[in-house]
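>>> sequence and computational prediction follow.
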2 protein chains.
Amino acid sequence: MKLYTYFRSSAAYRVRIALHLKGLAYDAVPVHLLRGGGEQRQPAYRAVNPGGLIPALVDGDTTLTQSLAIIEYLEETHPVMPLLPQDAAGRARVRALALTIAADTHPLTNLRVLQHLTGPLGLGEEAKMDWYRHWTGAGLATLEALLAQGDTGRFCHGDTPTLADCCLVPQVFNAQRFDIDLAPYPNVARIHATCADIPAFQAAHPSAQPDAE
Amino acid sequence: MKLYTYFRSSAAYRVRIALHLKGLAYDAVPVHLLRGGGEQRQPAYRAVNPGGLIPALVDGDTTLTQSLAIIEYLEETHPVMPLLPQDAAGRARVRALALTIAADTHPLTNLRVLQHLTGPLGLGEEAKMDWYRHWTGAGLATLEALLAQGDTGRFCHGDTPTLADCCLVPQVFNAQRFDIDLAPYPNVARIHATCADIPAFQAAHPSAQPDAE
């Protein structure tokens, strides 16, 4: 398998965690999100993923996009080390936690949106940071409220890592880069710390990537 | 089952389509997104969904949030009239199409974001509309590019409706409310028109809801 990735991309980081948790080998193809106006926006990468977003995973003849769709695919094709629970209600809870990050939080604060705020909208650095803090705070507060109830264990759901943890860890990495205080989100912080001790999460970390700067 | 819904909410509309396609009865509990500062933000609804977002589905003792997680749950618990294809690659394609809307497009242009632009950010109506058009256009362009390749049929994937169509139709409804021209997105427009003829999509339409205005 071949993963189009960028060391600091939250969405690529999610997929890297899933690949490492499942013990699946892959070749990393770095796509630099800042160089040359963004390599992800150039025709070479658009031919892989028309949306111009990272990551994309190529498995044989199949090109997959969207981090959550890729992880569901890995789950279906490589069920060992499951990333979703067995029961439908548990699976729904894990997916809802994942989407709280991947749909309601991260898309509002990713690179293209921050660039749009300071570019076309003409906002200053402080207003951009207010935006980042507002939406990241809202997302982490919802995540914390969801984790304070239900089947939270050592990880987001029970005592083994799931799709939800694959999303939580990159979101926290992102938040820490922007100096967000995690004190109001004790379950989020605790689960992040638990994951940080696990080799698969360490191998997927931005600092461990071939394109890390 | 009990669905917390708002007639014009894109995310609730997705779930209503899935429920009607599968022929599942439900009780609608309207939550008015504009009245009283937004009923979804009040403690009564936060007790159902801490994130304060619509929809939520209650099935027996289980409360489900996040439209895509809810539809996956319905698919697993009521497999008749499947909304995902049988093969892993097809399922990944359908999920990627759905997430192109539900993660990359709609969260950037939903009510709370538009209210934040004109409220705290102090943007005018025209700048708000520029924002809406920019992100909706980017999302529809990606969707169109993805539909121009792969196993697109009468619907987004093949000749029966899937999770992707449950997302496409509400996004187009939303775009049409804001006067977005669909001419640059011929596959999107064609599939929307195909769905509009189907009773399940008609029953889920905002204008057919008990809380329609």
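Nice, thanks for sending it over.
>>> just the buried residues of the longest helix belonging to chain A, please?
Ranked by residue count under DSSP state H, the longest helix found in chain A is helix A:125-147. Residues of helix A:125-147 classed as buried by neighbour count (16 or more other Cβ atoms under 10 Å in any protein chain shown): A:127-128, A:131-133, A:135-147. Bear in mind the C-beta positions are built from the backbone N, C-alpha and C, glycine included.
>>> is any residue of that helix near chain B?
Yes. Using Cβ under 8 Å from any Cβ of the partner chain, helix A:125-147 reaches chain B at A:127, A:130-131, A:134, A:142, A:145-146.
>>> all strands for chain A, in order.
Assigned by DSSP state E, chain A shows strands spanning A:2-5, A:27-30, A:56-59, A:62-65.
>>> of the ones you listed, which is nearest chain B?
strand A:62-65 (4.6 Å; Cβ to the nearest Cβ).
>>> can you list the strands that that closest one pairs with?
Sheet pairing for strand A:62-65, assigned by DSSP bridges, gives strand A:56-59 (antiparallel).
>>> show the average pLDDT along the partner strand.
Strand A:56-59 shows an average pLDDT of 98 in the prediction.
>>> which other residues reach that strand?
A:1-4, A:15, A:26, A:48-49, A:63-65, A:70, A:73, A:77 (Cβ atoms under 8 Å, 6 or more residues apart in numbering or on different chains).
>>> contacts for the lowest-mean-pLDDT helix or strand in chain A?
Averaged element by element with mean pLDDT, DSSP states H and E, chain A has its least confident helix or strand at helix A:43-46 (a mean of 92). Helix A:43-46 is contacted by residues A:4, A:31, A:39, A:52 when judged by Cβ under 8 Å, 6+ apart.
>>> any idea how far the third one is from A:Asn49?
Translated: A:Glu39. Distance of A:Glu39 to A:Asn49, given as Cβ to Cβ, to the nearest Å: 12 Å.
>>> do the same with the first one
Taking Cβ to Cβ as the measure, A:Tyr4 and A:Asn49 are separated by 7 Å.
>>> what's around the residue lying closest to A:Ser67 once chain neighbours are set aside, how many residues?
For A:Ser67, ignoring the flanking residues on the chain, the nearest one in space by Cβ to Cβ, 6 or more residues apart in numbering or on different chains is A:Ala11 at 4.1 Å. By other Cβ atoms under 10 Å in any protein chain shown, 24 other residues sit near A:Ala11.
>>> same check, this time on A:Ala47
9.
>>> equivalent analysis for A:Arg35, please.
Neighbours of A:Arg35 (other Cβ under 10 Å): 9.
>>> for A:Gly51, give me its contacts.
A:65, B:100, B:104, B:142, B:145-146.
>>> by contact count, what packs against the longest helix of chain A?
Applying 3 or more Cβ pairs under 8 Å, 6 or more residues apart in numbering or on different chains; DSSP states H and E, we find helix A:125-147 packed against helix A:88-102, helix A:106-109, helix A:111-118, helix A:163-177, helix A:186-196.
>>> what about 7 Å?
Judged by 3 or more Cβ pairs under 7 Å, 6 or more residues apart in numbering or on different chains; DSSP states H and E, the packing partners of helix A:125-147 are helix A:88-102, helix A:106-109, helix A:111-118, helix A:186-196.
>>> and the angle for that helix with helix A:111-118?
Going by axes from the mean of the first three to the mean of the last three Cα atoms, to 10 degrees, helix A:125-147 is angled at 140 degrees with respect to helix A:111-118.
>>> much appreciated, bye for now.
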